[in-house]
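>>> Below are the sequence and a predicted model for it; my questions follow.
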Amino acid sequence: MNTFFGLLLLAAMIATVVALVRGVIAFLRTTEEDLKGGGISQSALKQNKMMRARVAFQALAIIIVIILLIATRK
């Protein structure tokens, strides 16, 4: 059981790093026109999407750690 949650935790951590890297790449691709434009750019939407994904994966990892701590306590 602990092995399953350990692998699940590892997958959540990898997903967090992937979302972080994709968000940074989207940030680096932001052009001057995107910054000066009046509307919301595709780059900004991608950055926001990746930030939300990263936070969700971090929350999932924390929940898995809590479950692991509760399971090993008994």
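Perfect, I can see it now. A quick note: this is a predicted structure, and the numbers were derived from the prediction, not measured.
>>> which secondary element of this protein has the worst mean pLDDT?
helix 32-36 (a mean of 72; mean pLDDT, DSSP states H and E).
>>> Counting by contacts, list what the following helix or strand past that helix packs against.
Per DSSP states H and E, helix 32-36 leads on to helix 42-73 as the next helix or strand towards the C-terminus. When contacts are defined as 3 or more Cβ pairs under 8 Å, 6 or more residues apart in numbering; DSSP states H and E, helix 42-73 packs onto helix 2-28, helix 32-36. No exception for glycine: its C-beta is placed from N, CA and C like everyone else's.
>>> Give me the distance from helix 42-73 to the chain's centre.
What separates the centre of helix 42-73 from the centre of its chain is 6 Å, taken as Cα atoms, centre = their mean, to the nearest Å.
>>> average pLDDT for that helix?
The average pLDDT within helix 42-73 is 92.
>>> Enumerate the positions of it that are buried.
43-44, 46-47, 50, 53-54, 57-58, 60-61, 64, 68 (16 or more other Cβ atoms under 10 Å).
>>> One more: stretch 32-44?
Quick answer for stretch 32-44 (16+ other Cβ under 10 Å): Ser43, Ala44.
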